[in-house]
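Novice: Could you look at this predicted model? Sequence included:
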Amino acid sequence: MLFLLPPSETKTRPAADAPHLDLPALTHPELTAARETMLRAVQRTAAGRDGGAKLGVPASAPELTERMAELSDEPAGPALRVYSGVLFDQLDPAVLDPGANAPTDRRVLIQSALLGVVDAAQDLIPAYRVSAGSKVTRLGKAGTWWGKHLRPLAQTLLEETAHSTAPLAIDCRSGAYRTMMPLHSTAEVRVLAVSPVQERAGVRKVVSHDAKRYRGWVVRALLDAPSAPPTAEAVVEHLLAAFDGTLGVELDGDSLVIVDRAE
């Protein structure tokens, strides 16, 4: 089972004595050249005029822009411990720590406007501030630039997932990051987009502001399962049991609908 998560704007900076970013050591080495290009471009952007604004750094945090200009020298830590915020606050980073209890039939990947894709369990990353909408010197919008570089990886991920015991991809990404690396269901792999809705008096409304929280709950529940549910129907069954009546779970085509029924 493959999980695809969005990044978060909020991140926890690793300790100063942590190792620096090592691009060749990251998973998916076929992206190394593209990662090097983006890293250089981000550093040039941060060092230039209006660099913070182009990268999306708040004006109240100029120190972040300074750090982005020296990003290759920033300390790096496990991805699942660097990313924070609503979705990641629902997860237990220890569940993916290497060891006897780490699930070998599930893989968590996080989309990144800096690095393309990172492995939540294996990759060490810095606390960067680059989003899909960041305007990067010479490259344009980061998310758009990554599109052509991630297309071959998307096909590889589908092929790898097809040969797993649970040929499913649970897509928790937002629209910008789905566009960055589109992943669609095939005859061998079911790609399920997690879609939270709130239901009140029989009327459903898409949850947008707090959607990441619901997606975090889904990922946590599926990572906590003894083994990866092998089918979409088994995913629904497991989540219904895990949520114990607090949330509804339905399949609507390739959407995994999480229903919050308001009183």
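Specialist: Sure thing, it's come through. Only a predicted model underlies this, so the values are computations on that prediction, with no experimental measurement involved. Numbering: from 1, shown residues only.
Novice: CA atoms for contacts and neighbours, from now on please.
Specialist: Fine.
Novice: now the stretch 151-263 of the chain, which segments are flagged as low pLDDT?
Specialist: The model of the stretch 151-263 of the chain has pLDDT under 70 over residues 263.
Novice: Need phi/psi at L64.
Specialist: L64 adopts backbone torsions of phi -70, psi -40, taken as degrees, to the nearest 10.
Novice: now the helix or strand hosting V219: how far from the chain's centre is it?
Specialist: Under the criterion of DSSP states H and E, V219 resides in helix 211-223. Offset of helix 211-223 from its chain centre (Cα atoms, centre = their mean, to the nearest Å): 12 Å.
Novice: got the contact list for that helix?
Specialist: 3, 86-92, 95, 103, 106, 172, 194-196, 228-229, 235, 238-239, 242, 258 (Cα atoms under 8 Å, 6 or more residues apart in numbering).
Novice: mind checking pLDDT for the residue nearest to A69 when sequence neighbours are not counted?
Specialist: Of all residues not flanking A69 in the chain, Q43 sits nearest, at 4.2 Å (Cα to Cα, 6 or more residues apart in numbering). Note on Q43: pLDDT of 97.
Novice: quick one: Q43 from S208, how far?
Specialist: Noted for Q43: a distance of 32 Å to S208, by Cα to Cα, to the nearest Å.
Novice: and those two? which has more neighbours close in?
Specialist: Q43 (21 against 11; other Cα atoms under 10 Å).
Novice: for the chain, longest strand please?
Specialist: In the chain, taking DSSP state E as the definition, the longest strand is strand 190-200.
Novice: what residues does the very next helix or strand once past that strand touch?
Specialist: Per DSSP H and E, the first helix or strand lying C-terminal to strand 190-200 is strand 203-206. Contact with strand 203-206 is made by S195, P196, V197, Q198, E199, as judged by Cα under 8 Å, 6+ apart.
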